[in-house]
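[1] dropping a prediction and its sequence here:
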Amino acid sequence: MKVFSNDCTFDYSWEEVSTANWRKYCPWNEQSTHVIAVDTLSRHVDPGTGILRTERLITCKQSAPRWLNSLMGGNETSHVFETSYVDPESKKVTMTSSNMTFSNIISVQETVIYKPLSATRTQFVQDAKITALCGGWQKVKNAVEEATVCRFSENARKGKEGFESVLEMSRRVFSEEKKKEQQQQQQNEEKLSV
């Protein structure tokens, strides 16, 4: 088993980050072109805790090295099952995901946590446990795990860049919408005072 760990800080509030998280794979993110579809399977709020639990199926275009892709049957699409928990009380988003495609050959268990560091900064912590399950030589298992860790490292850099652009666009769009609402409210108040 190999472990990939990553953490970084976003200069955005937890509210901005937790909201923009749902747009992570949208057209605003030029780094997520490998994501073909994101399907929400279920979503509900626990009435006792207020925690929003969401299950999603994420379909991606494989970006595995050619030798690894051929070892796994040459399929170019993969599916990831993601469960997320948004706790507005403790201001924490926890997302767990696991690969569904080739899960008999490799297991990838990922956990991502967003939590506030201050009113304007949010910490991102990512851990992935990668285990090659394919039988045979330890050298092959190590190579599969190493290739997957390398891909995680590359994707982490791209993911941060892409999510930064989503955060920036979200801030701009929400700001524009807020201004429009304020202008509309001001116009309505002016009409009432006449």
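    Yep, it's here.

[2] can you report how many residues neighbour Q126?
    19 (other Cβ atoms under 10 Å). Where C-beta positions appear, they are placed from N, C-alpha and C, glycine not excepted.

[3] so where's this protein shaky on pLDDT?
    Low-confidence segments of the chain, defined by pLDDT under 70: 63-74, 135.

[4] residue boundaries of the helices in it?
    Ranges of helices in the chain, per DSSP state H, are 14-20, 66-71, 138-193.

[5] was I right to think F81 contacts T101?
    No. Using Cβ atoms under 8 Å, F81 is not in contact with T101, being 10.2 Å away.

[6] which one of these two is surrounded by more residues?
    Remark: of F81 and T101, T101 carries more neighbours, 18 against 15, as counted by other Cβ under 10 Å.

[7] grab the nearest non-local neighbour of the more buried one.
    Sequence neighbours aside, S78 is the residue nearest to T101 in space, at 3.8 Å (criterion: Cβ to Cβ, 6 or more residues apart in numbering).

[8] OK, contacts around the one you found?
    Shown in contact with S78 (Cβ atoms under 8 Å, 6 or more residues apart in numbering): T59, C60, K61, Q62, N99, M100, T101, F102.

[9] any idea what V108 is bridged to?
    Per DSSP bridges, the residues bridged to V108 are I130.

[10] ok, it - how many residues close by?
    21.

[11] and what of S98?
    15.

[12] just to check, it is in contact with I58?
    No. The criterion here is Cβ under 8 Å, and S98 misses it with I58 at 10.9 Å.

[13] mutual contacts of these two, please.
    Common neighbours of S98 and I58 (Cβ under 8 Å, 6+ apart) are V80, F81.

[14] grab the nearest non-local neighbour of L117.
    Q123 is the one closest to L117 (Cβ to Cβ, 6+ apart), at 5.1 Å.

[15] how far away is the one you found from E145?
    Note on Q123: its distance to E145, by Cβ to Cβ, to the nearest Å, is 27 Å.

[16] comparing the two, which shows the higher neighbour count?
    Taking neighbours as other Cβ under 10 Å, Q123 and E145 compare with E145 leading, 19 against 16.

[17] so who does the more buried one touch?
    M1, K2, I106, I130, T131, A132 are the contacts of E145 under Cβ under 8 Å, 6+ apart.
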